[in-house]
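>>> Dropping the sequence and predicted coords here.
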Amino acid sequence: MKGKFGRSIALVAAGSLLAVATAGIASASPAGGKGSSSTQALAAQVLQMRDDLTKVAYAANVGATRTDLGQLSPVLADIAAGKRYTVQTDTQQLAGLAKGRADESIRLLNDPTAKARQLPPLPVPIPALPDLPGPLKIVSDLVKALLAAVTGILGGLLGGLPVPPLPLPVPPLPAS
C-alpha cells in the first residue's frame, strides 16, 4: 500500500515538473523581443522562404518564383493579421506591405502585359541588389522590395538577434 502511494506521489510530482518545464519553453522569448517559441519557428520558416525565393528568382525560374511567392503570401497575411503570431505592430504593418508586393508580383507574373500598380513605400531601405534576369525583370523592383521587407520582418520576429543576410552573391546569369 505504501509503495502504491509513493509511486502516485512520484508520478504527480514528475507530471508537475514536466508541465512547469514545458510552460517555460513555450513562453521563451529572444532577448529584446516579444516572441515565443512559435514566433521563433515562424522566423526560421520565413528565413527559409526568403532564401528560397532569392535563389529561384535570381536563377530566372519563373514557375518556382511564382510558387514561392504564392507560399510566402499567406504567411505574410498571418503575420499582418497578428492573430496567429505575437509580433510587434510595426512588424505586422511591414508584413502587410510585403504581402502587397508578393501579391502584385504574382499578378504580374500571371499576366506580363498587366500594368504594375502603385504601392505605398516601405519603411525599410531597399538593398542594392542586381535586377532580376530575363522574364522576371518586370517584377524586379517588387521582389527586391519584398526581400527587404521580409528581412525587416525577420528582424522583428527575431527580436535582438542578428538577421542572416540574403544568400548573395546571386547565381550568375546563364550564358546566351
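Good, I have the coordinates. Numbering: from 1, shown residues only.

>>> Find the residue at the geometric middle of the chain.
Closest to where the C-alpha atoms of the chain average out (Cα atoms, centre = their mean) is V46, at 2.4 Å.

>>> mind listing what it touches?
Going by Cβ atoms under 8 Å, 6 or more residues apart in numbering, V46 touches 72, 75, 79, 150, 153-154, 157. Glycine gets a C-beta too; all of them are placed from N, C-alpha and C.

>>> element containing it?
Per DSSP states H and E: V46 is located in helix 37-58.

>>> Packing partners of the following helix or strand past that helix?
Next in sequence after helix 37-58, counting helices and strands by DSSP H and E, comes helix 62-81. Helices and strands touching helix 62-81, by 3 or more Cβ pairs under 8 Å, 6 or more residues apart in numbering; DSSP states H and E, are helix 37-58, helix 89-110, helix 140-158.

>>> Let me have those in CSV, adding mean pLDDT and distance to D131 as columns.
Formatted as CSV, the helices and strands packed on helix 62-81 follow (pLDDT from 0 to 100; distance: least, Cβ to Cβ, whole Å):
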stretch, mean pLDDT, distance to D131
helix 37-58, 93, 10
helix 89-110, 97, 14
helix 140-158, 95, 4
